[in-house]
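**Q** generate coordinates for the sequence data below:
(one chain, ligands or ions: 1)
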Amino acid sequence: MERFGNLETLAVTQEDVATVISIARQEALNALNKAVLTELDTVLDALRDYGSSKPLIITGEGSRAFVAGADIGEMAGMSPEEALEFSRFGQRIFSKLESFPQVTIAAVNGYALGGGNELAMACDIRIAASNARFGQPEVGLGIIPGFGGTQRLAQIVGRANALDLILSGRMINAQEALRIGLVHKVVDEGKALEEALNYAKTLMNNSAFAIAQAKKVLYAGSAGKDDGMALEADMFSGCFKHPDQREGMNAFLAKRKPDFKREG
Ligand code: COA
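**A** Residues are numbered from 1 along each chain as shown. As a prediction, the model looks like this:
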């Protein structure tokens, strides 16, 4: 699509009822590297500048993953300063998505882990295929969620469920995600995008202006989130000063279990 320049990691299509952005890095299960985040930023700005009044759907290419997290290969060698910048960068783009003036829908087709779950949570509506899997596995890599997950997960599913998911790092299936309110609807495998388009179609009967106003009010209720976001970025960066981050990420890249040292 010319309006967005040459995109390498995203595919953007204009449907009658919605703009669809697909993350297109199937070889890495659509993991979010800096290129994906930069292109997402560009596309969101372009759609906003253009005054698009269509809903926005975000999905991942292929059936295996929506997004399997931030790119671990890219993060493994980051300094604490680079990690702070990376966290703030991701937070800024996801906040831009959250404040997009039209309805945003995540069509989750497979893994939505770490930054992938954080991306889905920055959307207004989440529709999951039955094979979708959700989680915040960061603690198993020696880090914490850094793209707003510590704040949005608690807001969406309550602190008790957020603590369970973030501290255990466990993965949940689509039905459990539905039960705790992380997703709005579960559909058959391969049908998430279709259902997201159906949902978008129903929105076309509503006032785009009123929708934009309603979104502003609903998200204005998240008082204190800015402080939480700043703390999250600092704590995320702090993890990169500790040996567990190197061990956790190197272990993932070497396809082995991490060996975190425990004292006492
Ligand atoms: N960053 C970078 N690369 C990733 C990735 C990530 N977050 N998630 C998956 N990949 C890559 C793998 O390294 C692998 O690449 P390779 O084929 O060059 O070896 C490819 O995607 C396929 O993943 P693989 O692990 O072989 O698939 P699987 O079916 O065995 O497991 C997952 C799927 C999602 C369970 C597993 O990939 C995983 O745990 N990913 C990391 C999830 C995570 O911790 N995310 C949070 C990051 S903060």
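**Q** pLDDT below threshold where in the chain?
**A** By pLDDT under 70, the low-scoring segments of the chain are 1-2, 223-224.
**Q** middle-most residue in it, spatially?
**A** Among the residues of the chain, the one closest to the centroid is Leu119, at 1.3 Å (Cα atoms, centre = their mean).
**Q** now that residue. Nearest residue, chain neighbours left out?
**A** Val67 (5.6 Å; Cβ to Cβ, 6 or more residues apart in numbering). For the C-beta atoms, the positions are set from N, CA and C on the backbone; glycine is no exception.
**Q** quick one: distance of the helix or strand containing the residue nearest to the centre of the chain to the chain centre.
**A** Per DSSP states H and E, Leu119 falls inside helix 115-121. Remark: helix 115-121 is offset 2 Å from the chain centroid, using Cα atoms, centre = their mean, to the nearest Å.
**Q** could you do stretch 204-217 as well?
**A** 23 Å.
**Q** now swap in stretch 27-45 and tell me
**A** For stretch 27-45 - counting by Cα atoms, centre = their mean - the centre lies 11 Å from the chain centre.
**Q** that one close to the ligand?
**A** Yes. Against the ligand, stretch 27-45 shows contacts by Cβ under 6 Å from any ligand atom at Ala28, Leu29, Ala31.
**Q** could you do stretch 172-186 as well?
**A** No. Stretch 172-186 does not reach the ligand (Cβ under 6 Å from any ligand atom); its nearest approach is 13.0 Å.
**Q** again, but for stretch 61-69
**A** Yes. Applying Cβ under 6 Å from any ligand atom, one finds stretch 61-69 in contact with the ligand at Ala68, Gly69.
**Q** and the contacts of that stretch?
**A** Stretch 61-69 has contacts (Cβ atoms under 8 Å, 6 or more residues apart in numbering) with 11, 22-26, 28-32, 59-60, 106-116, 119-120, 129, 131-132, 137, 189-190.
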